[in-house]
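Chemist: dropping a prediction and its sequence here:
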Amino acid sequence: MGRIYVALDLETTGLDPENDRIIEIGAVKFRVADQPGEEDEILDTFQTFVNPYRKLARNTINLTGITQEDVADAPPLEAVLPDLEQFVGYYPVVGHNINFDLRFLQANGALQGAIGVDTFELAGILLPNAPRYSLGKLAEYLGIEFPTRHRALDDADMSRQLFLALWERAWRLPPDVLHAIVAVAQRSDWRLRSFFAAALRRQGVGEGGPRKVRELPPIPPALTFREGAPPVLDIARLEQFFAPDGPLAQTFETFEPRPQQVAMMKAVAQAFNRGQHLLVEAGTGTGKSLAYLLPAVEHAVQAQEPVIISTNTINLQEQLFHKDLPRLQQAFDKPFRIALLKGRANYICPRRFRDYLQRERFTEAEARLIARVLVWLPQTTTGDRSELLIQRDEQKYWPYICADQHACRSLGCGPHTDCFFYRARAQAQGAHIVVINHALLLADAAMDNAILPEHRYVIVDEAHHLEDRATEHFGGRIDAAETREFLRGLIAQPQHGAPGVFRALARLLREDKTVLPEEQKAPLRRLTEELMQGVQQAANHLDRMFESVELAIQPHTPRRGEYDAKIRLLPDIRETAAWHHAAQDAEEAADTLTRVMQGIDRLTSSLNMLIEDLDLDRWSLLLNMLYVTHTQLDTLALNLRRIVIAPDANDVCWVRVNTRWNRLELNRAPLHVGNMLSENLFGKRRSVVLTSATLQSDGGFQYIRDRLGVPHAAELAVGSPFNYREMALVYVATDLPEPNSPNYARALAQSVMDLARATQGRMLVLCTSKTQLRRLYEAVADPLAREEITVIAQYFDGSRHTLIEQFKVAERTVLLGTQSFWEGVDIPGEALSCLVITRLPFPVPSEPIIEARAETYENAFYQYTIPQTILRFRQGFGRLIRSQDDHGIVAIFDGRVASKAYGQHFLNALPECEIVYGPARDLPPLAERWLHPEKLFFK
């Protein structure tokens, strides 16, 4: 007889078990075949509406199809729960993100001891190649039919079908993979250990899947760098590629000749020929990727040296590597090779992973991560962690299994082994075009080209992000809770999970009686004890330091609130007695950590010799963990010195605190990255091209030149090929209260609702803070829902990707977003016909980095704040027109654009388009006419 499960789903009025209510319960009891010849079987179903004794929000009705009439005569929850508990019994409960459903039920006293089996968790392990992991997307990926309505019994049955598909995937895993998962699970408290144990038993009476033979891409020969003067690119030859009947037109389906694209290509080629840096702003629709890729490829092939292409986002990286460059390989008349390279820590180290499997105990998060890797490792050809769905609580274990410069050995590591990092690096050494991200570009520049292939030419796309990425890269942080957990973890002997690295080493030295003689173990034991004492001393000093920091900032700390406060560390804080105490303890801790690191150096040196001499492979896990520990301690000591003890003159330091959540974090960031970039990047490369759709502020490049440290670069601005005058109408509402006035929120909500009715949704609303978005969402969602216009919002209704995908296909929908929606949102066509900019996206002036950088200007508002805000404003504006067929309206509900002297600077930064000023009430009828040209009698 097979195992019995119950698939369960709830429909609720919201996401909070304490304040929201259950309105429908659906469940399917089913038997899973665990013997050959048996069939899966549905045993029973359970469905009931539940009366929430409150009015249903229109959004809830639209989403679920459940009406007020459906629940009005339904039984109360307390009458339903006994029947549900009897239906479920003691069987495991299956569902997609089942913890959400169980939390609601358990908050009401039901299913307290239920064992949850999460299909989201299982899918993340067993389907590493799935594009998305929502219930609907997984059903689509696996060919499972799913209903269009969002109802409890339907979703429960879809979870059942997904579970059965995952069950088959599990027991058909290669036997060695499944055995390894079970072995790890049994050394943990992972809830899914019984699932995988059952899969192993099922495999014992059937056939496990064959191990797939992974074919790794061949390693190309390294490029042979040609000494002497670089080749001169033939610009006329390159221009022929862009002809109406040229190679690009024959290869790229949507290609069309664009003068702006050719102008940019010529500028990039000239910059390479002249050995100069270049700033290029290319408007939306220019096709800037091809404009820089073609001269880059031509130069790389002629000179036999790589050209580095750096991006900020993964999306652009993947577009270049998987779409644009492969197509260009077809169009180009000479063969060239491409490579995608990431930082070392992005790659799994198979040897370190094998060592890690030898641990005695694992936490639940560790077991989950290991299972993911075990399923994925035989399939991957890159070893890149981005292919894995790593959860937040699993992140901290990745450093123990990824490639690490300290743990890499001369023997057993290299491009001709199974080391993914060395293979990726070897691929890059033989590539003409190497695609990377800004973080790796900055790391390589700081390490004097120790990571990337030797190169002289760099193209930085999405260059408007380079300052922010450099700020992050050259900065640092100390989180109090994380630091305490980290140090305690090094010496802990927990009830669950593996002992800390020093505790584990001490025990191994004490218990190992096989190979290592006593005269070699004794000094190692003493050294290990000293290291544990040192870590404890450092932890004690840091506890006192954090307490002193809290005292020092107490006068500046706001009352308990939902959001974090950032307190800049200025002399009035650093000169207090409490801060002096903090600095003393920080110095003691840093000195102690330095001694611990010196001890680790001696310990790893001794262990390395022992491992080589005595072949003690089982000790290598601890050795790897010691390397990771050394790196983490080094970073901690550095940040203690740079933030607390002796801050650098070029650093901005601050404390991030939240008394409600007991959060304390010390931070530092460079005041100005331009000098660093000038010295480490621009000063060491023959030509660096910086490009983006938004580099100019107020009609020029001066702001970005100053920020990035490129005062003498050539410049070019190529406009968009789009006819914005016919495609986009900009309406500036002149009668709304100023954004900081008390009546603004109400007026904004009314204006958004009036406009949404006129445009029938199809609207993206850009907010500037989470607080503003929440208030707007609460004000407009229900009134618009009553008119069958759905409002979806960041933070409330799903991830950024989920919301964008939902918005693309939904009708009569308004999408509210904050920071991340101001750029990178690409929704061509009628789905997005109206863009609302609620207020100018000024940076928060009290933000420590913003405040400190503003102080370096004579007129900070016009020299720093306005240019920075214009860039953000232009990025937001760019969300509307994404293709030649787009047509829409940009509504600016910030009257300062019309009433303040600086307002015209923002409008001047936009492409040439129709701009209208007027009261908000006049916009809806104008919008209707603009979106339907046949009704347009406005000029």
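Modeler: All right, it came through fine. Numbers count the residues shown, from 1 in each chain.
Chemist: buried residues in the helix or strand hosting residue 757?
Modeler: Using DSSP states H and E, residue 757 sits within helix 744-759. Using 16 or more other CB atoms under 10 Å as the test for burial, helix 744-759 gives 744-745, 747-759. Using the backbone N, CA and C atoms, a C-beta is placed for each residue, glycine as well.
Chemist: isn't residue 630 up against residue 602?
Modeler: No - the pair residue 630 / residue 602 is not scored as a contact, 11.4 Å apart, by CB atoms under 8 Å.
Chemist: higher neighbour count, those two?
Modeler: Each of residue 630 and residue 602 has its neighbours counted (other CB atoms under 10 Å); residue 630 has more, 19 against 13.
Chemist: for that one, helix, strand, or coil?
Modeler: Following DSSP: H, G, I helix; E, B strand; the rest coil, the label given to residue 630 is helix.
Chemist: out of the helices and strands in the chain, which is least certain?
Modeler: helix 58-64 (a mean of 78; mean pLDDT, DSSP states H and E).
Chemist: buried set for the longest helix anywhere in the chain?
Modeler: Longest helix in the chain, counting residues (DSSP state H): helix 577-614. For helix 577-614, a neighbour-count test (16+ other CB under 10 Å) marks 578-579, 581-593, 596-597, 599-600, 603-604, 607, 610-611 as buried.
Chemist: can you check stretch 253-263 too?
Modeler: 255, 258, 260-263.
Chemist: still on that earlier bit, what pLDDT, on average, does the longest helix of the chain get?
Modeler: Averaged across helix 577-614, the pLDDT comes to 89.
Chemist: ok, stretch 308-324 next?
Modeler: pLDDT averaged over stretch 308-324 gives 94.
Chemist: again, but for stretch 450-470
Modeler: Stretch 450-470 shows a mean pLDDT of 95.
Chemist: follow-up on the earlier one: let's see which of the buried residues of stretch 253-263 end up in helices.
Modeler: Using DSSP H, the buried residues of stretch 253-263 in helices are 260-263.
Chemist: touching, residue 301 and residue 334? I think so.
Modeler: Yes - counting by CB under 8 Å, residue 301 does reach residue 334; the two are 5.1 Å apart.
Chemist: run through the stretch 1-150 of the chain and note the low-pLDDT ranges.
Modeler: 1, 148-149 (pLDDT under 70).
Chemist: which residues in it form strands?
Modeler: Assigned by DSSP state E, counting those that start in this stretch, the stretch 1-150 of the chain shows strands spanning 3-12, 22-32, 41-49, 93-95, 116-118.
Chemist: then the longest one to CSV, C-alphas only?
Modeler: What follows is strand 22-32 as a C-alpha-only set of coordinates in CSV (Å, rounded to 0.1, in the frame of the first residue of the first chain):
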residue,chain,number,x,y,z
ILE,A,22,-9.6,32.4,5.8
ILE,A,23,-12.5,32.4,3.2
GLU,A,24,-12.1,29.0,1.6
ILE,A,25,-10.5,25.7,2.3
GLY,A,26,-9.8,23.0,-0.2
ALA,A,27,-8.1,19.6,0.3
VAL,A,28,-7.4,16.4,-1.6
LYS,A,29,-6.5,13.2,0.2
PHE,A,30,-4.6,10.8,-2.1
ARG,A,31,-2.4,7.7,-2.1
VAL,A,32,1.0,7.7,-3.7
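Chemist: so which elements touch that strand?
Modeler: Applying 3 or more CB pairs under 8 Å, 6 or more residues apart in numbering; DSSP states H and E, one finds that strand 22-32 contacts strand 3-12, strand 41-49, helix 58-64, helix 77-88, helix 152-171.
Chemist: got these as CSV, with distance to residue 657 and mean neighbour count columns?
Modeler: Conversion of the helices and strands packed on strand 22-32 to CSV gives the following (distance: least, CB to CB, whole Å; neighbours: other CB atoms under 10 Å):
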stretch, distance to residue 657, mean neighbour count
strand 3-12, 34, 23
strand 41-49, 46, 15
helix 58-64, 35, 19
helix 77-88, 40, 15
helix 152-171, 41, 23
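Chemist: dump those into CSV; add distance to residue 473 as well.
Modeler: Below are those laid out as CSV (distance: least, CB to CB, whole Å):
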stretch, distance to residue 473
strand 3-12, 42
strand 41-49, 54
helix 58-64, 41
helix 77-88, 51
helix 152-171, 39
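Chemist: for residue 450, which of these is the nearest?
Modeler: helix 152-171 (42.0 Å; CB to CB).
Chemist: got the angle between the closest one and strand 3-12?
Modeler: Put simply, helix 152-171 runs at 140 degrees to strand 3-12, going by axes from the mean of the first three to the mean of the last three CA atoms, to 10 degrees.
Chemist: ok, then the element right after helix 152-171?
Modeler: As assigned by DSSP H and E, the chain's next helix or strand after helix 152-171 is helix 175-185.
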